[in-house]
Every structure is written in C-alpha cells, then in structure tokens.
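Enquirer: Next one to model:
(one chain, ligands or ions: 1)
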Amino acid sequence: MAKATTTIKQVLHYQDAHAAWFAANQVLFNQVAAFYYEVIQAHERVLYLSNTDALTALEKLTHTTQKNPTPVMPLEDILEDIPAMFRRAAINAALGSARSFYSHLQKWRKRKKKAEAKSKKFHERPPVAPRSWNKSATLYAGLWKERTGSSIVMKVWTGSCWSWIKVRITGRELPAGLEMGSPQLIRRGNQWWLHTPVEKRFKSPGKIEKQVTTNAQTKMCAVDLNINEHLAVCTIQTVEGSILATTFIGGGRRIAGFRKKQLGRIARNRRKTGIIAEGEQDNVALWSKIHNVDEQVAHLVSARIVQFAKQHEATVLVFEHLGNLKPTKGKYSHRGNSKRAYWMKGRIFKYCKYKAYNEGMLTSRVNPSNTSRECARCHSLVARYDTGKPCLGYTYGAPLVSCPQCGMKGNADRNASLVIGQRL
Ligand SMILES: [Zn+2]
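Expert: Next up is the predicted model:
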C-alpha cells in the first residue's frame with residue numbers, strides 16, 4: 001500500500017479573548033516540550049526505544065501517580081493537572097526534535113572521526129540543540145470533540161485554567177472517507193488556523209519500468225511544457241503507440257503580459273531610486289504580486305494536467321528534464337520574464353508530481369535533447385515554421401512542424417509531447 005498526506009487548512013473564527021487563550025496554550029505546549037527535551041537529554045538512552053516505549057519511559061520519569069509518587073523530574077513543577085493527551089503530544093514533539101538532533105550529531109561525529117583518521121583538518125561546526133521552542137500545539141484525541149463541517153469544540157489552556165471552547169471553522173471541508181490525523185492549532189500572523197493532516201491509502205502503483213515493459217496497454221500522459229501561449233500540451237498514448245487524446249493548456253500569453261508589466265514597473269522604480277542597498281529587497285509588493293500569480297498559475301496548470309491524465313486513466317506522467325536556463329538577451333523585463341517562465345516550468349513539474357501521486361500515478365522525466373526536432377511518426381528531423389510560411393528550415397518556437405521524410409504535418413508542441421512519451 002502507498003499513502004499520500006495532505007493538510008487541510010481551515011480558518012478559525014473566535015472571540016478576541018480566545019486568541020489570547022490559543023497563544024497561552026501554545027506557550028504552555030512549548031514549555032512542556034522543552035521540559036521533556038531536557039528530560040531526554042538527561043536520559044539519552046530513551047532514544048534507543050521505540051516511540052511508544054520512549055513515551056512510557058518518559059512518563060515514568062515525570063508523571064506523578066499513586067504507584068509512582070516521586071518521579072525523578074516531576075512535570076508538576078511546571079503545572080499541575082496537565083491533560084494526559086496534551087502531555088503526550090508535547091512528549092512526541094520533544095522526541096521528534098531530539099531524534100533529529102541526535103542523528104545529526106551522530107553523523108557529524110562520524111565525519112569528524114573520518115577526517116581525523118585521515119589527519120585532515122575538520123572545521124565543520126557541530127549541530128546545535130534547539131534553544132527556543134516555537135512549535136504549534138497538536139490536539140490529540142481527547143482535546144477536541146464534536147467536530148462538524150462548520151465548528152469544533154476544543155480544550156485549551158487559557159493561561160489560568162483548562163477550558164472547552166466552541167470555535168467556528170470555515171474553508172476547505174475535510175474530504176470524506178480519508179484517515180484524519182490530529183489537528184494542529186497554527187498561528188499565521190494574527191490569525192489562528194486549524195491544520196488537519198489527512199491520509200489517503202491506495203494500492204501502490206507498480207514501478208514505471210514494470211508498467212511499461214509488461215503491459216503494452218499502459219496509458220501514459222506525456223507533457224510538453226512551454227513558455228509560449230500553450231503552457232502545457234498533454235497527449236495520452238499507450239505504450240504500444242496508439243494516440244488517444246491531446247489537450248492544450250493555454251494562458252501563457254496572459255501570465256507573460258502580466259509579468260512584463262510588473263517587471264517594467266520594478267525597472268522604472270529602480271531607475272528613479274538609483275542605487276539599491278545591498279542585501280535589501282526592493283519593490284517587495286510588486287515581487288510578491290508576481291510570485292503569487294506565478295504560484296497560482298503553476299497550481300492551476302498542474303491540476304489540469306493531472307485531471308486530464310486521470311480522466312483518460314493514464315497511470316504514468318512523462319515530462320522532459322528541464323535542462324539549464326539559457327540566458328536571454330534584451331530588456332530587463334524580457335530577461336526577468338523568461339527566467340520566471342523557466343522557474344514556473346519547474347514548479348509545474350513539482351506540483352504535478354505530488355498531485356499525480358495522490359491519484360496513484362507516477363511521474364518520470366526523459367532526456368530532452370531534440371524532442372521538438374524529431375518527427376513523432378518516423379523520427380527524422382522535422383521542419384518547423386510559422387503559419388503561412390513555407391515548411392522549410394527550423395524556426396525556433398514556431399507553431400507548426402512538417403516531416404520531409406514521411407509527410408507528417410502538425411502542431412509543433414503536440415509533436416514534442418508525443419516524442420516525450422515515446423522516449424519513455
Ligand atoms: Zn516523419
């Protein structure tokens with residue numbers, strides 16, 4: 001079985017006073033986590049135990065009960081009556097940090113030993129244990145109840161007592177039928193959110209190599225990413241070569257136009273202000289505007305690619321390797337624009353990969369050399385030309401191709417996407 005985790009982020013709506021409670025709750029959570037981190041440091045051997053056994057051991061060291069009236073390091077010193085589930089969430093947070101720190105430390109010691117054995121100088125600094133704690137509180141079962149699509153009741157530390165409060169939630173609903181993890185109370189700026197991890201389990205998709213070598217009917221979705229109007233051209237084909245469907249995902253001109261405008265503004269602002277202070281970001285608002293729109297487009301395009309592949313029951317997504325960014329000549333806005341278009345291709349690939357995986361599809365990349373110069377039918381070199389021009393030579397970026405060998409004529413990007421699929 002394979003599993004995919006997504007986080008559902010929902011906005012909380014609460015009275016002003018409750019924001020202070022959430023903050024107090026988080027402060028206490030971090031106090032308790034920091035306390036357990038110290039307990040672990042004093043008893044490093046608990047790190048050799050499994051999480052469940054480590055939890056039991058740490059509770060024995062800290063938790064006062066009738067059977068265990070005098071623990072070595074009592075948690076009561078911080079606060080009495082901490083709910084068991086609050087304590088356990090904090091213990092697990094501390095364990096996670098401790099395991100990560102000690103494994104880094106071990107690796108560092110190994111590298112140091114190795115260097116010393118070869119009598120080389122070793123300048124690398126050792127990893128540093130966390131000095132301040134700023135984790136978000138996780139709400140284990142028992143700390144929340146009565147969760148619906150629009151509200152949740154949770155138990156929080158108000159700063160003076162434990163209190164159950166009902167909070168309204170809005171935003172994306174929890175998908176039905178998935179396994180829900182423990183929600184976290186997250187602060188972003190002045191707003192408190194509820195983040196809930198959900199886990200989907202599905203039959204693990206077989207290795208790509210196995211899929212394409214053992215089943216000629218395996219459907220692949222081959223994707224050609226571009227920086228012209230067609231940001232992505234996708235073709236569904238079977239391993240034995242039947243072409244089943246093609247889609248063109250547009251919007252490239254609009255995003256390029258938008259970027260050009262913003263980059264032009266930045267360039268004008270820079271001319272006005274003259275020198276830019278080193279290490280200081282200028283035009284912050286304009287840059288973040290560009291970034292946000294790029295991000296949004298990358299998410300939209302990747303979602304549409306995966307949706308198209310899913311609709312046609314493809315089980316493999318194929319892209320070409322991006323290669324290096326080729327520097328372009330021209331005005332600042334033009335150079336900046338092509339750089340960002342190149343980055344966006346990378347982001348579309350990255351988002352496609354995880355979105356496809358969530359749908360049980362695997363993603364692969366193939367060698368990009370000459371994918372747009374090769375004929376998808378007979379693999380000779382094609383002529384690439386503009387509409388209304390003679391079909392000769394190779395005009396970079398032109399929309400049409402024609403093959404002098406087999407007579408194939410068609411859209412250049414679609415031809416490239418077919419070649420990408422065939423390479424796999
Ligand atoms: Zn041909």
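Enquirer: who touches Gly274 in this structure?
Expert: Not one residue lies near Gly274 by Cβ atoms under 8 Å, 6 or more residues apart in numbering. From N, CA and C alone the C-beta is placed, and that goes for glycine too.
Enquirer: Repeat that for Ile8.
Expert: Gly171, Arg172, Glu173, Leu174, Pro175, His195, Thr196, Pro197, Val198.
Enquirer: change it to 10 Å
Expert: Applying Cβ atoms under 10 Å, 6 or more residues apart in numbering to Ile8 gives the contacts 171-175, 178, 180-181, 183, 194-198.
Enquirer: next one: Ile236
Expert: So Ile236 contacts 219-222, 242-247, 308-309, 311-314, 417, 421 (Cβ under 10 Å, 6+ apart).
Enquirer: how about the strands of the stretch 1-150 of the chain, start to end?
Expert: Assigned by DSSP state E, counting those that start in this stretch, the stretch 1-150 of the chain shows strands spanning 2-13, 137-138, 144-145.
Enquirer: hang on, the earlier thing: please indicate which of the contacts of Ile8 are buried?
Expert: Buried residues within the contacts of Ile8, counting neighbours by 16 or more other Cβ atoms under 10 Å: Leu174, Leu178, Pro183, Leu194, His195, Thr196, Pro197, Val198.
Enquirer: Which of the helices or strands spans the last one?
Expert: The one in question is Val198. Assessed by DSSP states H and E, Val198 sits inside strand 191-202.
Enquirer: Centre of the chain to that strand, how far?
Expert: The chain centre lies 14 Å from the centre of strand 191-202; the measure is Cα atoms, centre = their mean, to the nearest Å.
Enquirer: That strand to strand 2-13, inter-axis angle?
Expert: On the basis of axes from the mean of the first three to the mean of the last three Cα atoms, to 10 degrees, strand 191-202 is oriented at 160 degrees to strand 2-13.
Enquirer: can you dump the C-alpha coordinates of strand 191-202 into PDB?
Expert: These are the backbone C-alpha positions of strand 191-202, laid out as PDB (Å, rounded to 0.1, in the frame of the first residue of the first chain):
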ATOM      1  CA  GLN A 191      -5.000  34.700  12.500                       C
ATOM      2  CA  TRP A 192      -5.400  31.200  14.100                       C
ATOM      3  CA  TRP A 193      -5.900  28.300  11.800                       C
ATOM      4  CA  LEU A 194      -6.700  24.600  12.200                       C
ATOM      5  CA  HIS A 195      -4.500  22.400  10.100                       C
ATOM      6  CA  THR A 196      -5.600  18.800   9.800                       C
ATOM      7  CA  PRO A 197      -3.500  16.200   8.100                       C
ATOM      8  CA  VAL A 198      -5.500  13.600   6.100                       C
ATOM      9  CA  GLU A 199      -4.100  10.400   4.800                       C
ATOM     10  CA  LYS A 200      -5.200   8.500   1.800                       C
ATOM     11  CA  ARG A 201      -4.100   4.900   1.300                       C
ATOM     12  CA  PHE A 202      -4.200   3.300  -2.100                       C
END
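Enquirer: avg pLDDT for that strand?
Expert: Averaged across strand 191-202, the pLDDT comes to 90.
Enquirer: ditto for stretch 410-421
Expert: According to the model, stretch 410-421 has a mean pLDDT of 93.
Enquirer: again, but for stretch 333-344
Expert: Across stretch 333-344, pLDDT averages out at 88.
Enquirer: So for that stretch, what gets flagged as buried?
Expert: Result for stretch 333-344 [16+ other Cβ under 10 Å]: buried residues Ser333, Gly336, Asn337, Ser338, Arg340, Ala341, Tyr342, Met344.
Enquirer: Identify the residue nearest the first one in space, chain neighbours excluded?
Expert: Leaving out its chain neighbours, the residue that sits closest to Ser333 by Cβ to Cβ, 6 or more residues apart in numbering is Leu263, at 3.9 Å.
Enquirer: What of the third one?
Expert: What sits nearest to Asn337 in space, not counting adjacent residues and going by Cβ to Cβ, 6+ apart, is Arg259, at 5.0 Å.
Enquirer: which secondary structure elements does whichever strand or helix holds the one you found contact?
Expert: Assigned by DSSP H and E, Arg259 belongs to helix 252-273. With contacts taken as 3 or more Cβ pairs under 10 Å, 6 or more residues apart in numbering; DSSP states H and E, helix 252-273 sits against helix 284-311, helix 332-358.
Enquirer: how far off strand 2-13 does the last one point, in degrees?
Expert: This means helix 332-358. Interaxial angle, helix 332-358 versus strand 2-13 (the same axes, to 10 degrees): 110 degrees.
Enquirer: Please state the offset of helix 332-358 from the chain centre?
Expert: Distance, centroid of helix 332-358 to centroid of chain: 13 Å (Cα atoms, centre = their mean).
Enquirer: Next secondary structure element downstream of it?
Expert: Per DSSP H and E, the first helix or strand lying C-terminal to helix 332-358 is strand 362-366.
Enquirer: ok, residues contacting that following strand?
Expert: 2, 204-209, 211-212, 220-223, 306, 309, 315-322, 349-350, 352-357, 419-424.
Enquirer: and the angle from it to strand 2-13?
Expert: The directions of strand 362-366 and strand 2-13 differ by 110 degrees, with the same axes, to 10 degrees as the criterion.
Enquirer: Let me know the angle separating strand 362-366 from helix 284-311.
Expert: Put simply, strand 362-366 runs at 110 degrees to helix 284-311, going by the same axes, to 10 degrees.
Enquirer: Identify the neighbouring strands of strand 362-366 in the sheet and state each direction.
Expert: If you go by DSSP bridges, strand 362-366 pairs up with strand 316-320 (parallel).
Enquirer: what comes up buried for the strand it pairs with?
Expert: Val316, Leu317, Val318, Phe319, Glu320.
Enquirer: Was I right to think the first one contacts Thr218?
Expert: Same thing as Val316. Yes - with contact defined as Cβ atoms under 10 Å, Val316 counts as touching Thr218 (6.6 Å).
Enquirer: what residues do these two have in common as contacts?
Expert: By Cβ under 10 Å, 6+ apart, the residues touching both Val316 and Thr218 are Gly206, Ile208, Gln211, Val212, Val239.
Enquirer: I'd say the first one and Asn215 touch.
Expert: Yes - taking contact to mean Cβ under 10 Å, the distance of 9.0 Å between Gly206 and Asn215 places them in contact.
Enquirer: got any residues that touch both of the two?
Expert: Residues touching both Gly206 and Asn215 by Cβ under 10 Å, 6+ apart: Thr315.
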